[in-house]
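S.K.: the sequence isn't on hand, but the structure is:
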C-alpha cells in the first residue's frame, strides 16, 4: 500500500559531526541531539506540529464546535540505575511525561506505558516499579489506559526501559510554547536546580557529598494549574531536564528568536549541588532537573505568578532569574557574579549519559 | 507530593510460573504474557479502560456536547533483524500502531515515536528506518507529531527499539471491542495467515523455502473504514499479531465469555507458509501477522461486510472461518479436516522471540 520508495543509494543527508554511527552524545539533549533531530528525523517527518519542538505537541481533534486541542507527548526512559535516591525509573517515567504535557498548559489526563524488559529482570523489582508508576499517576491525577510489554534477550537491554506517552487537554485560549517568548518578559525558575542529575551521578559513581542528594522528581501539573488560575498570560513553560537550564533557555531563545539574559547569582543552586559540581567540574546550569520548571511571562504578571507559585509546595522557592531581550536573538547570556557576561551555549554532547 | 509508600517488604503477589525473573516467554503474547499483565501490571494499574484489554483503549475527553471518544494505544517494537523481507522495524512500528487504533473502530490520526538507539547504530540505517516510518505514516494518513530519542551504551540495546503510541477518533455510536462477541456471530479473517512470522523466521534462521516469503506488514485502517461504511454493526476487530490467530481468538473468547469454533480447512494458509510450518513443526494459527484482521460480526451483515472487504486490496481474500457459540464459553475449538475437534489454547511461551 505504501508509495514505492527506493532506498538503494540512501545516505544520511548531512553528516552528524562526522560520526557515521550513533554515539552516546546523540542522547544528551545538547547540540548532537539537536543535529540528529534536525538532520535525520525532521527531513523525514517534518510537519507543523513537530516544527515547534516543544515538550508536547498541540493538535486539534474533532470538527467545528466540538474541536478540542490535545497535547501529545512521548518519552522513553533509560535511566541507570533503575533505583536512585528520591525515586526510580517508574515514577520518573510518569512524572516526566506528566510534566511534558503540563508545559504546554494542558491538563494531563491519560498515559500509556511501553515496557522493554530484559531477560533476567527480577519480577519483584518490576513490581516495585509498576507500583511506583501507579502511585505517581494517582498523585498527578492521570490514568494509565494502555500498556505493552516486550522482552529482549539478556545483553540487549538493561533491566527495563519504559516509554510513557501522554494525552492532555489544552484549555481554550491558551497559547504557550517555546516560540512565544517576547522581549521584556521575565524568566522564572520554580526552585532549586541540579538535584536530579547530581542524585543520579552520586549513586552511579559511588560519590558521597555529606548530606545525601535526592532527585527532585515530581509532577508539575498542580503547580502549573495554580499559575494559570492567576492568568492565562503565560508565554513559555519548560521543564529543564536533559541538558539542564542552559539547554532549555537556548531552545527557547532559538525558537522565539529572542535573547535571554540571566544573573548567575540569582540561580537557586543548593550548596550540596554547588559542592558536587565544583568537585566534578560541572556547571549546574547543564545538570538535569525532574521537578522544576522555567516560566517566561510578561513583566506585568510576574509578581502575581510568583506569588501563586510560592503558595504551592513545588514552587515555594520560585524566583526571577533573568529577562528576555531583543538583543542577541537566539543567544543566552549569563551575568557573572563579578560583573562580566558570558555566552551560555548548548553542550555538544552530554555530561552524563542515561540520566532519564 | 506522592503518597507515602513502603516497598520494604514488597514481593511479587503471585509467582509467574515460578520464575522469579523475566524470561523470553513473558514477551510472546501467550499465557506467560497474560499472567505478567494479570498478576503484576493489573494490580498496580487496574482501571475500567485497561480492564477491557483491547488493542487500544477508548476514553472520553472533553465535556458535555464537546465530548469526544479517543482511542489510545502504545506498542514497542524490538523486532530482530531490523530489516526483513517486506519491511523494516520502521514501517512495522507505524503500521502496528495504526492497526491497533483501527481495531477499535477509530480513525487513526496522530502518532508519537520514541527511539532507543544503541551506541554504534549506523546513521544511514537509522535514516532509512525514519524514511520508512514517514512513508508508512503518509500511506496510512496519520501524522507523527512528537518524538523522543535516547541513546544507550553498546551492549544494552540492539540497534534501535521504537515505541509508537497513537491517538485516533472513535466515531459516535460505534461499540467495538474484544468483549463484544455474541453467540451466532460469524468469524471472518481478512486474508492469508502466517506471513509476517515466517518471513522473520526465514531470514533469521537462514532458511529458504523456494519462493521468498514476505511480511504482510500493512495499514488496515482503510480496510476497516470500508467495512464500517457498510454497517456500524461490527462487534469485534482484532489484528492477530504476536501469538497469531489462536491467541487472538482465545482473548476474544475469554473477554466476551463465548465459545469460538473455526474450521481448519477454511483457514487461508498459503502453501509456502504451510510448508515452512510443516518443516519447523509450527502451527500456522500461532504465527504472527502484521497486515491481517479478524472480524466478528452478526450473521445478518456478514455477507455485505465480506463484499466490502473483498473490494479492498488488503481484504481481497477475506473469508468466513467459523462462528461464535454459547457452548464452551472462553474456549476456542478447531474442527479438523478429518471431522474431529480440538481445543486451541494459548501457548505458554512463544514460538519465536522478538517478532515485532
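M.R.: Yes, it's here. Remember, it's a predicted structure, so these values are computed and weren't measured experimentally.

S.K.: doesn't residue A:191 make contact with residue A:316?
M.R.: Yes: applying Cβ atoms under 8 Å as the test, residue A:316 and residue A:191 come out as touching, 6.9 Å apart. (Glycine included, C-beta is placed from N, CA and C.)

S.K.: tell me the contacts of residue A:54?
M.R.: Each residue near residue A:54 by Cβ atoms under 8 Å, 6 or more residues apart in numbering or on different chains is listed here: A:103-104, A:177-178.

S.K.: kindly report the same for residue A:180.
M.R.: Taking Cβ under 8 Å, 6+ apart, we find residue A:180 in contact with A:235-236, A:256, A:296.

S.K.: for residue A:75, same thing?
M.R.: So residue A:75 contacts A:93, A:96-97, A:100, A:163-165, A:356, B:114, B:148 (Cβ under 8 Å, 6+ apart).

S.K.: residue A:73 belongs to a strand?
M.R.: Yes: the assignment for residue A:73 is a strand, going by DSSP: H, G, I helix; E, B strand; the rest coil.

S.K.: that older thread, buried ones among the contacts of residue A:180?
M.R.: By neighbour count, with 16 or more other Cβ atoms under 10 Å in any protein chain shown, those hold A:235-236, A:256, A:296 as buried.

S.K.: would you reformat those as CSV and include secondary structure?
M.R.: Shown next, in CSV, are the buried ones among the contacts of residue A:180 (three-state DSSP):
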residue, secondary structure
A:235, coil
A:236, strand
A:256, helix
A:296, strand
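
S.K.: residue B:184: which of those is nearest?
M.R.: Closest approach to residue B:184 among the buried ones among the contacts of residue A:180 (Cβ to Cβ): residue A:236, at 58.0 Å.

S.K.: how far away is that closest one from residue B:139?
M.R.: Separation of residue A:236 from residue B:139 (Cβ to Cβ, to the nearest Å) stands at 36 Å.

S.K.: enumerate the residues of the stretch 251-356 of chain A near chain B.
M.R.: By Cβ under 8 Å from any Cβ of the partner chain, the residues of the stretch 251-356 of chain A that approach chain B are A:313-314, A:353-354.

S.K.: out of the buried ones among the contacts of residue A:180, flag the one nearest to chain B.
M.R.: residue A:236 (17.6 Å; Cβ to the nearest Cβ).

S.K.: identify the residue of the stretch 201-350 of chain A closest to chain B, quick one.
M.R.: residue A:218 (5.3 Å).

S.K.: make sure residue A:352 is actually in contact with residue A:200.
M.R.: Yes: between residue A:352 and residue A:200 there is a contact under Cβ under 8 Å: 6.9 Å.

S.K.: quick one, strands of the stretch 51-200 of chain A?
M.R.: Secondary structure of the stretch 51-200 of chain A (DSSP state E, counting those that start in this stretch): strands at A:57-61, A:68-77, A:83-84, A:87-88, A:107-118, A:143-152, A:160-169, A:186-189.

S.K.: comparing those, which comes out most buried?
M.R.: Highest mean neighbour count among the strands of the stretch 51-200 of chain A (mean count of other Cβ atoms under 10 Å in any protein chain shown): strand A:160-169, with a mean of 28.

S.K.: residue A:352 and residue A:200 - which one has more neighbours?
M.R.: Between residue A:352 and residue A:200, counted using other Cβ atoms under 10 Å in any protein chain shown, the more crowded position is residue A:200 (27 against 20).

S.K.: need the pLDDT of the more buried one.
M.R.: For residue A:200, the pLDDT comes out at 94.

S.K.: got the contact list for it?
M.R.: With contact taken as Cβ under 8 Å, 6+ apart, residue A:200 is in contact with A:79, A:84, A:215, A:288, A:352, A:355.

S.K.: now do the contacts for the fourth one.
M.R.: With contacts taken as Cβ under 8 Å, 6+ apart, residue A:288 has the following neighbours: A:194, A:196-197, A:200, A:240-244, A:355-356.

S.K.: likewise the third one?
M.R.: For residue A:215, the contact set (Cβ under 8 Å, 6+ apart) comprises A:84-87, A:92, A:195-196, A:199-200, A:290-291.
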